[in-house]
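Student: Take this sequence and fold it.
(chains A and B)
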Amino acid sequence: MDTLDQMKLGDLAIVQKVSSSVLACKLTEMGLYPGKEIKILFKAPLGDPIGIEVGDYTLSLRKKEAALIEVTVGT
Amino acid sequence: MNIQKIALVGNPNSGKSSVFNQLTGLNQHVGNYPGVTVDKKTGSFQLGDGEKVKVIDLPGIYSVYPKSEDERVVFEILNDPQNENYPDLFVVVVDATNLERNLLLFTQLHDLGVPIILVLNMFDLLREEGIRIDVEKLSELLGTIPVVPLDARKGEGIDKLKKAVSDFQQTTWIPFLNESHISESGAKTLLTESEQIEDTDHRFKKIAQILKFCLKRETPPKSRKLASNNIDKIVTHPIWGYGIFLFILLMIFQAIYELASVPMDLIDNVFLVLSQQVKSTLPSGVFTDLIAEGIVPGIGGVVIFVPQIVLLFAFIAILEETGYMSRVVFIMDRLMRPFGLNGKSVVPLISGVACAIPAIMATRTIDQWKDRLITIMVTPLTSCSARLPVYTLLIALTIPEEEIWGFMNLQGLVLLGMYLLGFVAAFMAAIIFKLIIRSDQKSFLIMEMPTYKIPRWSNIGITLWEKTKVFVWEAGRVIMAISVILWVLASYGPSDRIEKAVSAIPKPVDTSVDAEKTYEEKVSSVRLENSWIGILGKQLEPAIEPLGYDWQVGIALITSFAAREVFVSSMATIYSVGEDFEDEATMIHRMQQEINPTTGEKVYNLASGLSLMVFYAFAMQCMSTLAIVKRETKSWKWPLLQLVYMTTLAYMAAFVTYNYLQ
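Tutor: Residues are numbered from 1 along each chain as shown, chains lettered A, B, ... in the order given. Below you'll find the predicted structure:
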């Protein structure tokens, strides 16, 4: 399955699962729960970290953390 | 219900501090939670009937399950009703424009069965976006709890909040999640990781459902968030992003140097006059000397930093309040990581160019202890403004004024080189600390980027007041103590050694003002030479000779141990010139004439000048910084290590510089 770090700028995605890790709970609490629609807003130079739209706010996270989030491409 | 103590709880960026400031005004106090470096803000306000209510502004958190130092502080209070910070009523502040994520914390707290009020902050922004919210329905669906819409930035609704506090009645508690893990066990016994995730997932799904009922879009979306996103496209742009950041930095430093110099000169003069006044009004004696030459200049040495610290904090606060700070973190994070630092280290590190004290105090925003510690350890290597007078003197003294490549001024180039050297050393040291410092914590950056906002000046004003208080009190005490000790060492010597040396100076034959002045300057010079510090300086000579310094420099190294800029005034005393600016040319002239008696060469040449500059670039000659590092790391271990490693580095680098150029 695709992970969030592979998404391109402007892509819409739907969170499927947050891989189990020490950060899984933190990521869920920030609003990345299964079924949530997100959008890739911008990327820092070198493509890391990335900024995504989660509901009503903008969240930034490193590529490494984005790789923990399994997504399907939304429309 | 009689409410005497309330606690404000909420996500970071929910505007909780604005609510706190609106409630308490200047009736507030910032302290520390025991054992951690988390600000503890408390204050009080009066209800309509004159009843006084205590307010605790708990640190901003995303969840009751602790993951950061801030969250652990709140977690401990939540689970200890006997704790002095445990309130009669929890006031949960949420950002109304971002309800889904903000309400998670509210539902968790509600399920603990504690008395609770919900504050919908930034209510006006929600209206501006054309969204209507059914407050009553929201209250009902969340479990019949009081809901207060509020706009803390303008202060609207604060009275309603006060009324809600005084009217508060505990109603039948209806848990938000029936099958909630929290309400069964309390947060006390932590749920397992997977239970936490499951619980959070359930909460979000239910919150989303509730919000569908309560939020109605009335007009098409206004462009506030869109505008914010558009600004972000520019400020996070690979080229423009860095350009803008660099431009803002240049403006800030320009402003700090321009604006700070006026009050700094003023403070300098005021304390000079004060010292003279004390001398002329009090009967002469040891006690008067102590006040006039030890304590008054000591206090002056603390106060002189205040303009720079205030300005730097003002700019940092503006960057934070507007939301731009998180964009800086965003574009710099990747570049900082190889050095064991992260995006949040950038502003403290760069602030070090003005002054390391506010810079180190600003590292509290770095969540990871290891990243924060590395930032604290290396920040003093960046060339702060107190090094500038030292560099300027030594450059004028030893670097020829000539142009290279037809357009670059060599002296200017050397000065620039010193600043670059500071940064390079800071990054190199960071890499070494990254390898040395052990940590179980994994470094991560999961950060909310708030929408851009106009800063609230009263918030900034309160921040400045609190930070300055901390500096004057925490660092001030140490600087005072060291200044007095240094004064004693510089004013007294063994038995009558000073008196003998002074009486050996021939008295001026004519009584002209000039002759008097020359005589007095000679006396000060001889007094210093024969004082304890003078003796120490001479003792130090064998150790600093390999760096190209003589005992005069040794004296200045000791006197400037508390603060670098003292180097210049010590040199002035040693070379018998007054402390006026006009005398600097005289001093440079005299220093240039200085000949080493053993080698017959000039004492201040290119090799020894650069060696001394390099020494000042790296040496930890600042007691205030050490005092602040102790405060921010909660132990003497780190400031002592800093003192040792920086002094060693300074010595070795100066040694290499001198011997390479010699």
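Student: Not counting the longest helix belonging to chain A itself, show me its contacts.
Tutor: When chain A is scanned for its longest helix (criterion: DSSP state H), the result is helix A:24-29. With contact meaning C-beta atoms under 8 Å, 6 or more residues apart in numbering or on different chains, helix A:24-29 is reached by A:18, A:61, A:65, A:68-69, B:62-63, B:65, B:67, B:104, B:193, B:196-197, B:200-201, B:204, B:444, B:446. All C-beta atoms are positioned from the backbone trio N, CA, C, and that covers glycine.
Student: Next: stretch B:293-313.
Tutor: Contacts for stretch B:293-313 (C-beta under 8 Å, 6+ apart): B:255-256, B:259-260, B:263-264, B:267-268, B:270-272, B:274-275, B:278, B:351, B:354-355, B:357-359, B:362, B:385, B:463-464, B:467-468, B:471-472, B:475-476, B:479-480, B:483-484, B:487-488, B:491, B:562-563, B:624.
Student: which among the residues you listed are in contact with chain A?
Tutor: Checked against chain A using C-beta under 8 Å from any C-beta of the partner chain, the contacts of stretch B:293-313 yield no neighbours at all.
Student: how far is the longest helix of chain A from where the chain is centred?
Tutor: On the basis of C-alpha atoms, centre = their mean, to the nearest Å, helix A:24-29 sits 11 Å off its chain's mean C-alpha point.
Student: Quick check: what element follows that helix along the chain?
Tutor: Following helix A:24-29 in sequence order, the next helix or strand is strand A:37-43 (DSSP states H and E).
Student: helices or strands up against that following strand?
Tutor: Judged by 3 or more C-beta pairs under 8 Å, 6 or more residues apart in numbering or on different chains; DSSP states H and E, strand A:37-43 is in contact with strand A:12-18, strand A:50-54, helix B:224-235.
Student: buried residues in it?
Tutor: For strand A:37-43, the neighbour count (16 or more other C-beta atoms under 10 Å in any protein chain shown) marks A:38-43 as buried.
Student: Mind picking out the helix or strand in chain B with the poorest mean pLDDT?
Tutor: When each helix and strand of chain B is scored by mean pLDDT, DSSP states H and E, helix B:181-185 comes last, with a mean of 54.
Student: Can you tell me which of the contacts of stretch B:293-313 are buried?
Tutor: B:256, B:260, B:263-264, B:267-268, B:271, B:274-275, B:278, B:351, B:354-355, B:357-359, B:362, B:385, B:463-464, B:467-468, B:471-472, B:475-476, B:479-480, B:483-484, B:487-488, B:491, B:562-563, B:624.
Student: So which of these belong to helices?
Tutor: Per DSSP H, the subset of those in helices is B:256, B:260, B:263-264, B:267-268, B:271, B:274-275, B:278, B:351, B:357-359, B:463-464, B:467-468, B:476, B:479-480, B:483-484, B:487-488, B:491, B:624.
Student: Which residues of the stretch 251-400 of chain B lie near chain A?
Tutor: B:326, B:329-331, B:333-335, B:343.
Student: out of the residues you listed, which are inside helices?
Tutor: B:326, B:329-331, B:333-335.
Student: What subset of the residues you listed is buried?
Tutor: B:326, B:329-331, B:333-334.
Student: per the record, what domains does chain B have?
Tutor: Split into domains by automatic domain parsing, chain B comes to B:5-222, B:240-389+B:439-455, B:466-661.
Student: Columns distance to residue B:234 on top of those domains, output as TSV?
Tutor: Output for those, formatted as TSV (distance: least, C-beta to C-beta, whole Å):
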stretch	distance to residue B:234
domain B:5-222	20
domain B:240-389+B:439-455	5
domain B:466-661	31
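Student: where in chain A is pLDDT low?
Tutor: Residue ranges of chain A with pLDDT under 70: none are present.
Student: Heading C-terminal from the helix or strand that contains residue B:138, find the next helix or strand.
Tutor: When elements are assigned from DSSP H and E, residue B:138 belongs to helix B:135-141. Moving toward the C-terminus from helix B:135-141, the next helix or strand (DSSP H and E) is strand B:147-149.
Student: so where's chain B uncertain?
Tutor: B:178-190, B:220-224, B:577-583.
Student: which residues of it fall in strands?
Tutor: B:5-10, B:28-32, B:39-46, B:52-57, B:89-95, B:116-121, B:131-133, B:147-149, B:215-217, B:403-404, B:408-409, B:446-449 (DSSP state E).
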